[in-house]
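S.K.: Turn this into a structure:
(chains A and B)
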Amino acid sequence: MAVDKATIGHIAKLARIRIPEAQQEALTGEFNNILGWIEQLGELDTEGVEPMTSVVEVRPTLRADAVTDGDCRDQVLANAPEPAHGFYAVPKVVE
Amino acid sequence: MSLIQGETGEWEMVIGLEVHAQVIAESKLFSGAATAFGAEPNTQVSLVDAAMPGMLPVLNEKSVEQAVKTGLGLNAQINLSSVFERKNYFYPDLPQGYQISQYLQPIVGEGVVTLDLPDGSAKEVGIERLHLEQDAGKSLHDQHPSQTYIDLNRSGVTLMEIVSKPDMRSAEEVGAYLEKLRSILRYLGTCTSNMEEGSMRCDVNVSVRHPGEALGTRTETKNVNSIRFAKQAIEHEAKRQIALIEGGGAVVQETRLFDPNKGVTRAMRSKEEAHDYRYFPDPDLLPVVLDADWVAALKRDLPELPDAKKARFIADFGLNAYDAGVLVAEREIAEFFEAVVASGKGCDPKQAANWVTGAFFGALNRDGIEIAAAPVNAAKLGGLLELLDAGTISGRIAKDVFDAMWDSGKDAAAIVEEKGLKQISDTGAIEAIVDQVIADNPGQVEQFKSGNEKVLGWFVGQIMKASQGKANPGMVNQLLRKKLG
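M.R.: Residues are numbered from 1 along each chain as shown, chains lettered A, B, ... in the order given. Next up is the predicted model:
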């Protein structure tokens, strides 16, 4: 698998990361190096091997259904550049 | 099936629904923040819900249980292993930049829902899957001229997305599907299904075709928040697509929005890359693994669901399908009805059904109150029916007694005693009234003798009036015929 410059532009746009035109060519090469390295895994025969999601066989820890958090609006909004009336305020986005 | 007549022949709608149902739980899917409706903005937000760096999601066991229960109620396959994935997109009310959802391995697989259609027939609609996901926050666009306000109280609340197969063919079927789904979820106690509070919303997928042809291109209308709007959106969208195709155009696969004020759908501003969600397994969350025994125990403890209850009401109580359907639609109503039958010793269940759906519902509607707040409870209504069936009071008097019970909250027996409303079933007493009325109306007697049968009804009315409604109508008829005949 290899990606071209157009794909790099597309991924950057989806990730909302601005990548100057001049850097895109270099980044395409780096991407392809990474993909090529990962692709070495394809040399192994993994037929019948279940995907491994964790190095130890554990089940997720579940939480009891109780209210133990929240009610900390000041903390939640502390880093918001422009809170208003207890809301986050952002430039108008409307369909 | 309902077809639409177009210029090029008859068209059939093909409809599938994605219903987002908010799970009943005290806390959120991955955080311990509260879920109660109507709180002050951003007061039910943890640092997890606000997606602060370093915060980790921990799964709520109740959310898992509710999803499995719902799956069982939809006769669906429960997947003992399921995986949470990240659905990536940017929007201000999604602080993580991705929604944690399930994609390739949902917790619930295929199932089936049976619809009760208005003409009395039944239709099965397939369920494709049910998966767990986080809700997003809420954007308020109308509070400021140039800003959108964001409230994250809803951010992270547990949703079940229930996806149907494209098995519906008319707006009526969609209405019946949503009603049935709502009924099942409420019986299970897994979702309040209150569309006004947004606890149940749906996305509607519609395409059209000539019957028998391959599927047409579909559109998806987002965030429809009432059954009525869903029906409107479908009718409008089908007509729009037919006009488009018959006018020589083609339907574009796109996401549309329903405008409830105008009753029309319109294309969302096109976001060319909007559908590239780049799902991948969430590395913060291990796969969910369920024990088969635990699932079996949940299944054993499921409440009786509307379909089973309806069948039982028909078999055990002799109700017709329509009455049984009305009574089981809401669990509360069904339980009320059964309590009435149980407390009205020897009362006829069909009569009880008529009283519940007639006088009782009528009074509830008139006063705009819920069953729990009704001044006549099930035991009291049962008591009234007991008096009626025992012949202690007549049907006409029973209606008056019911009204008096509603106004005073007293028992039927107390009211009957107090007002002296007991039915007169004493032959001697009724005979005396019958004789009096006959003696007072020789003209009408003549009419009857010359063959006018209708006068009989008039006599009955007069006698009932003379007895203040208390005479046993059966006995009055009998005696009257004997005396006049």
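S.K.: what residues does chain A put near chain B?
M.R.: When proximity is defined by CB under 8 Å from any CB of the partner chain, chain A lies next to chain B at A:10, A:13-14, A:16, A:53-54, A:58-73, A:75-77, A:82, A:84-95. Any C-beta I mention is one placed from the backbone N, CA and C, and that applies to glycine too.
S.K.: So which of the residues you listed belong to strands?
M.R.: A:62-63, A:84, A:87-91 (DSSP state E).
S.K.: Extract the C-alpha set from the helix ranked longest in chain A and format it as CSV.
M.R.: Using DSSP state H to define each element, chain A has its longest helix at helix A:21-39. In CSV, the C-alpha atoms belonging to helix A:21-39 read as follows (Å, rounded to 0.1, in the frame of the first residue of the first chain):
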residue,chain,number,x,y,z
GLU,A,21,1.9,22.6,-0.2
ALA,A,22,5.7,22.5,0.1
GLN,A,23,5.7,20.0,2.9
GLN,A,24,3.2,17.6,1.3
GLU,A,25,5.7,16.0,-1.0
ALA,A,26,8.1,15.2,1.9
LEU,A,27,5.3,14.0,4.1
THR,A,28,4.1,11.6,1.3
GLY,A,29,7.5,10.0,1.4
GLU,A,30,7.5,9.6,5.2
PHE,A,31,4.0,8.2,5.2
ASN,A,32,5.0,5.6,2.6
ASN,A,33,8.1,4.7,4.7
ILE,A,34,5.9,4.0,7.7
LEU,A,35,3.3,2.1,5.7
GLY,A,36,6.1,0.0,4.1
TRP,A,37,7.6,-0.8,7.5
ILE,A,38,4.2,-1.9,8.9
GLU,A,39,3.6,-4.0,5.8
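S.K.: quick check: mean pLDDT across that helix?
M.R.: Averaging pLDDT along helix A:21-39 gives 94.
S.K.: for stretch B:259-275, same thing?
M.R.: Here the average pLDDT along stretch B:259-275 is 75.
S.K.: repeat for stretch B:23-34
M.R.: 98.
S.K.: That one spans what distance, first to last residue?
M.R.: Length of stretch B:23-34, first residue to last, CA to CA, to the nearest Å: 13 Å.
S.K.: okay, which residue is most central for chain A?
M.R.: A:A15 (8.1 Å; CA atoms, centre = their mean).
S.K.: Let me know the secondary structure of the residue lying closest to B:P106 once chain neighbours are set aside.
M.R.: Spatial nearest neighbour of B:P106, excluding adjacent residues (CB to CB, 6 or more residues apart in numbering or on different chains): B:H131 at 3.6 Å. Recorded secondary structure, B:H131: strand (DSSP: H, G, I helix; E, B strand; the rest coil).
S.K.: what's the answer for B:E128, then?
M.R.: Applying three-state DSSP: B:E128 is strand.
S.K.: hang on, isn't it packed against B:D167?
M.R.: No - using CB atoms under 8 Å as the test, B:E128 is too far from B:D167 to be in contact (9.7 Å).
S.K.: so what sits against both of those two?
M.R.: Overlap between the contact sets of B:E128 and B:D167, as judged by CB atoms under 8 Å, 6 or more residues apart in numbering or on different chains, is given by B:G16.
S.K.: Test for you: state the pLDDT assigned to B:L456.
M.R.: B:L456 is given a pLDDT of 83.
S.K.: Please read off the pLDDT at B:M475 from the model.
M.R.: 82.
S.K.: That one looks like it's in a strand, true?
M.R.: No - going by three-state DSSP, the assignment for B:M475 is helix, not a strand.
S.K.: correct me, but it touches B:T427?
M.R.: Yes - contact criterion CB under 8 Å: B:M475 and B:T427 qualify, at 6.9 Å.
S.K.: Could you list the low-confidence segments of the chain?
M.R.: Looking at chain A here, since you left the chain open. A:95 (pLDDT under 70).
S.K.: wait, I meant chain B there
M.R.: Looking at chain B by pLDDT under 70, you get B:1, B:269-275.
S.K.: can you give me phi and psi for the closest residue to chain A within the stretch 351-485 of chain B?
M.R.: Closest to chain A within the stretch 351-485 of chain B is B:A372: 24.9 Å, counting by CB to the nearest CB. Main-chain torsions, B:A372, degrees, to the nearest 10: phi -60, psi -30.
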